[in-house]
Structure formats: structure tokens, C-alpha cells
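Enquirer: Kindly return the folded structure for what I paste below:
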Amino acid sequence: MAFLRLGSKSEIFHREGHTWVCTSGLPSDICINTGEMSFNLHKFPLLSRSGLLEKLIEEYSNGEGSSLNLRLDDIPGGAKAFELISKFCYGVRMELTAYNIVCVRCAAEYLRMTEDYGDGNLVMQAEAFLNEVLGNWSDSVRALEACEEVMPQAEELHIVSRCIESLATKASTDPSLFSRPSSGRETRPSPEDSGLWNGISTATKTQHTGEDWWYQDVSFLSLLLYRRLILAIESRGLRPETIAASVVHYARRYLPLMNRQSSFDDVNSTVTNMPNTCEADQRALLEEIVGLLPNKKGVTSTKFLIRLLRIAMVLHTSPSCRENLEMRVGAQLDQASLVDLLIPNMGYSETLYDVDCVQRILDHFMLVQQAAALATPPGIAEEGQIMKGSPDSLTPITMVANLIDGFLAEVASDVTFKLPKFEALAATIPDYARPVDDGLYHAIDVYMKTHHWIADGEREQLCRLMNCQKLSLEASTHAAQNERLPLRVIVQVLFFEQLRLRTSISGWFFVSDNLENSQNQINSAAAQQQRDNGGDDDVKQRVSELEKDCSSMKEEIQKLMKTKRSWRNFTRRLGFNRKSNSCCPKGPKASKLRAVAPSSGNRQQNSEKIEVVPPETLKVN
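Expert: Predicted coordinates:
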């Protein structure tokens, strides 16, 4: 920390109760009262340095040798600052630091301690040292904190704006460029940094090198000064993510509810035990923090925004503040989790959770999605592509659909949850946003199980929210056996399952019947793939595998055909296909075969003679 030593004389002041006495050997001829403190001093050292004191001494002095009493209750810094000024006037050793320089500078200006009343007067020396302080980050923070004690005078002398400009410039610059010293805040070293080796300390002083190195230092500022500093930093083009992170750090320091789990018991006890003045301060602080958060989507986490929204409901902030938070959450609802949306109900609604708040957040999300769809040029994304489109284009709204389905399933067990609110919340999500309706079916089933008294017409109306064609096999099996569902819905589920099974079976037969056509198509596709030379390796590999499978199947078929042809030749050689005149045309009786031994002349022909003999002429030898 920077400091400046002034004066050379030893200490000549001592304190007696609420009185400072100068022990220079001369009797005191002037008493200056500042607040509860009194200073018994001498006129000449004071009037030779201060224009205001010279004027007052001349006005109120009754004559030589008379003692004078003056009150300086308006002096900036009060008795603490006047003590340092008294030492300066007497030439006593004193030290200016970043903690007291602002008070001394403002008090010197108030007393008109300029160069007209002596060379090297306090105004000039305090101003020179203040410029040195503003060149250092930590000293600038301390000086800005000290401005809170003398805010009107510090504003008039532009000390506050100079400190803020210095800090804003350094916060938006690489700290290594101006050799930022470590913060003056007292921190305990970690066990890892306080090791000893052979009796020698190996502790290392770590410094933050990331973008958050200045968060802790500026968090000690009051809300007014912190707000001005953040606006100054933002005007210099610092990243919104960095500014948002600093605001979050500041909020967690001064909003006690930010670090507490928001259960119903905690909320009720907090509202009951919080004093009215503290609640008003917390309300004002929260509204200011919401105003400081950057408007850019995604720079502030959704979990933090919902936490602020919960606290805003507890503290009963202004409707505009809560509406602002709901719009911010709605713009990035796809980043929320189910636990975040379970907001305890602080209003007059009967439901356990604030369903109306979730409905407003969801409505704003859909407005943002519609605005984004309208802003997209028609040539880039047609409506059909958006309906069927790529997974990336449907990821946010699909995530929100799953989130809302989970929320409905969670709050459906509340017996006070009315059917119109359930239908409104579920119907806000478009049909194309749900690839599978299992989550919605689960929420409907939980609702019908809890609200078992609803009429059959209301059950059918509730089931119209889901599409039976988009249920998975597991959900369809459960729905087919669910006695809570209307009979018409069960019939639809069974019909679509049968249709799906029939389509699958017909697809297998279609593949089997068109094997040859598939081979030709595969060959043509492979040829086209070779001509393109730009296809994917995965497609080439799949085509090659299909060609091998079809070739092996053709080989098997050809083997079967050869076997069938050889069997025909064999039966033809045996004469099963010849018609003999000696066969009985009327009876189906089989002919008997008799082998005739070959003669010696016929042995060389190496052949057999087969004679067909009618059954009635067959003799046994």
C-alpha cells in the first residue's frame, strides 16, 4: 500500500478523554470543537496554513491574549481528519495512506489550505499523492471506499469519478500490464501453500489471473458505488459474461437468501423473522441487481435467475422486477432443470407450486421461438424443415417439452391442481416438439390417478392432449392395460400397435420378395458412389456389405438350383417320366422292375438294361 510521510517533528499531541492537547510549552489560545472532540491549539500555526481559519480567527477574535472557541462541525472527515491537519500545521510527523487521503484532501479543500498560504501546502501534496494512489488497483479500491464517508465533498472534487475511471480502466485491461498487486484483504493461506521444507517456508503467493480477479475487491463497495463502477466497466466493452459473473458474486455476498435452500419452511420463517427495514433494503438491493444484469441471452445462468425470481416473490418486489426476471428465464428456459421450476407458491393460489408463473415463463419462451422462426429467411429454413427438421433446430423446444412434461407429472399429484391449468400448460407445447409422448402420458396417468373423481368426458378431453401414435412400445403396453384410460383411447392404442406390427411384417416380406431388385439397386448405387468420389466412407462400407450378402445368397440359390436339376436328371434316367404301353392305364398300381443280367456280348458296353414288367406277369425265381 502506498503511503506518504510529512513533517519531521516528534509527537507533541496527546489525548485526554475527548480533548486533544498540544504540549509545545505554550498555553493554548484557541479551542476548535469538531463533533464530540476538542482541540486545544495555537492560532499562528493554523492561520498560517488555512485561509478559512485565518478568516474565522479574524472575525471572532476579541483581542490579543484572549482565548477563542470555534466549531467546525462541517469539516469533511470530522475529528479524524482534523487531527491529521493539526499535525501538518505544526510540522509533526504524519503519514498519508489510501485510507485517509480522501478525507484529508476534502478537509484541506474545505479549510482552503492552498499555495497562497505557504509553499507545499496540504492541498498540493494531497493531490499529488492521490494521483499516485489512483495508479494502483488496491489503493484505488480503498480510496473509493473512503469516499463514502465524505461523499458530497468527494463528488464535488471529482474524486469519486476519478477512482471509478481508474478502476474501470484496470478491470477491462490485462492485470499483468499494470502489475496489479495482491489484494489488501486479509485471507488465510491454504494448507497446501504453507508447507515447510527443512525449516524454510515454501509458501507461494498466488494471484488470480482469470477474468474474475477483481470480483472480490469491488464486492466491498456500497451498492451506489458498485453500480457506477459496473456501468463504467460495461461502457468500455467488457464481455457481458464477465460483468454478469461479477454481479452474481456481489448478489451472493449481500443477499442472504441466495445461499439458502428455498423450501416452504425456510420461506415462511424468513418472511416472519425479517425486519421491515432489512426487508426494504434487501428489496431495493435485489431490484438494483436485476437492473445491472446484462440483457444478453445466456450470460447469466438460468438457475441464478430463477433463484432471484424466488427471492423477489419472498420480498414482494415490484411487478416490473418480477416480470423482467420471468422474461429472462423464458428466453433461456431450455437451460433450466425440473428442480428449478418447482417454485413455491407465495400468492393466493391453492396449488402447492406456482403454476401460473411457469405458464408465463413458457409463454414467453414460445414467443421467443416464434420470433426467431419469423426472423429466419425462408430460403434457409422452410416450414416443413422446421416441422421435421434437423435435431439441432429442435433441440431447445424439445428440451422444454420434456421439462414441462416432467413438471406436469410432478405437480399432477396436487389435488388442488385444476384440469384447465393442466390442459393449458400441456397444450402450449406444439405437437412437433414431442418426438415421443411418453412423458405426457405419464403426467396424464398421474393426474387421473390423483383426481380419480373426474368424469369420463374430462378423461377423454385430457387424453386428447397426447398422440397415441407417438407412444413407445413400453408405454403402449402400459396404456393397453390401464383401467383409468377411456375405452376409446385403449382401442386407439391397440389399433396403432397392430398397424405398427403389420407394417413391420410387410416390410420384411417386401425385402424378401424384392431381393433381386435390391441387388440391382445396390449395384447401381455402388456405381454411382464410385462416380461421385465424394461420398461418405460409412455409406461405401454398407453398400459393400450388402453386395457380399446378396452374392452369398445368390450362390446358395444357385446350389439349390443345381441340386434340383441333378435330381431331375436322375429320375429321368430311372424312367420315372416315361410312359409305357404295357402299364395299366386304369390302376394306380406301381410298376415292378426286373433286372436282366447282361450277356457276355453286352458286357463291353458297360450298361444296364432295365425292363418294365407288368405286375401280373411278374414271377419270383
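Enquirer: Just to check, T97 is in contact with L84?
Expert: No - using C-beta atoms under 8 Å as the test, T97 is too far from L84 to be in contact (10.5 Å). C-beta here means a position set from N, CA and C on the backbone, and glycine is covered the same way.
Enquirer: Now the common contact residues for the two.
Expert: Applying C-beta atoms under 8 Å, 6 or more residues apart in numbering, one finds that no residue jointly contacts T97 and L84.
Enquirer: So these two - more neighbours on which side?
Expert: L84 (23 against 17; other C-beta atoms under 10 Å).
Enquirer: Hmm, the more buried one is touching V104, no?
Expert: Yes - between L84 and V104 there is a contact at 5.5 Å, judged by C-beta under 8 Å.
Enquirer: Which neighbours do the two have in common?
Expert: In contact with both L84 and V104: L96, using C-beta under 8 Å, 6+ apart.
Enquirer: pLDDT score assigned to the closest residue to S318 other than its chain neighbours?
Expert: In space, not counting the residues next to it along the chain, S318 is nearest to E287; the distance is 6.5 Å by C-beta to C-beta, 6 or more residues apart in numbering. With respect to pLDDT, E287 scores 95.
Enquirer: which ones are touching E287?
Expert: So E287 contacts 317-318, 321 (C-beta under 8 Å, 6+ apart).
Enquirer: distance of it from L293?
Expert: Distance check for E287 against L293: by C-beta to C-beta, to the nearest Å, it reads 11 Å.
Enquirer: can you check L122 too?
Expert: 43 Å.
Enquirer: and the spatially closest residue to P435 that is not a sequence neighbour, how many neighbours does it have?
Expert: Using C-beta to C-beta, 6+ apart and skipping the chain neighbours, the partner closest in space to P435 is T398 (6.7 Å). A count of nearby residues for T398, using other C-beta under 10 Å, gives 18.
Enquirer: dump the residue contacts of T398.
Expert: Contacts of T398 by C-beta under 8 Å, 6+ apart are 433-435.
Enquirer: From the contacts of E287, list just the buried residues.
Expert: 317, 321 (16 or more other C-beta atoms under 10 Å).
Enquirer: okay, the contacts of E287 in JSON lines with distance to Q481, secondary structure and pLDDT next?
Expert: As requested, the contacts of E287 are arranged in JSON lines below (distance: C-beta to C-beta, whole Å; DSSP: H, G, I helix; E, B strand; the rest coil; pLDDT from 0 to 100):
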{"residue": "T317", "distance to Q481": "50", "secondary structure": "coil", "pLDDT": "93"}
{"residue": "S318", "distance to Q481": "52", "secondary structure": "coil", "pLDDT": "94"}
{"residue": "C321", "distance to Q481": "50", "secondary structure": "helix", "pLDDT": "95"}
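Enquirer: May I have stretch 427-444 exported as PDB, CA atoms only?
Expert: Once non-C-alpha atoms are left out, stretch 427-444 reads as follows in PDB (Å, rounded to 0.1, in the frame of the first residue of the first chain):
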ATOM      1  CA  ALA A 427     -51.200 -27.600 -24.900                       C
ATOM      2  CA  THR A 428     -48.700 -24.700 -25.100                       C
ATOM      3  CA  ILE A 429     -46.100 -27.100 -26.400                       C
ATOM      4  CA  PRO A 430     -46.700 -27.800 -30.100                       C
ATOM      5  CA  ASP A 431     -47.100 -31.400 -31.200                       C
ATOM      6  CA  TYR A 432     -43.900 -31.500 -33.300                       C
ATOM      7  CA  ALA A 433     -41.800 -30.600 -30.200                       C
ATOM      8  CA  ARG A 434     -42.600 -34.000 -28.700                       C
ATOM      9  CA  PRO A 435     -40.900 -36.900 -30.600                       C
ATOM     10  CA  VAL A 436     -42.300 -39.300 -28.100                       C
ATOM     11  CA  ASP A 437     -45.400 -38.700 -25.900                       C
ATOM     12  CA  ASP A 438     -44.300 -41.000 -23.100                       C
ATOM     13  CA  GLY A 439     -43.700 -38.100 -20.700                       C
ATOM     14  CA  LEU A 440     -47.100 -36.500 -21.400                       C
ATOM     15  CA  TYR A 441     -48.800 -39.900 -21.000                       C
ATOM     16  CA  HIS A 442     -47.100 -40.400 -17.600                       C
ATOM     17  CA  ALA A 443     -48.300 -36.900 -16.400                       C
ATOM     18  CA  ILE A 444     -51.900 -37.700 -17.600                       C
END
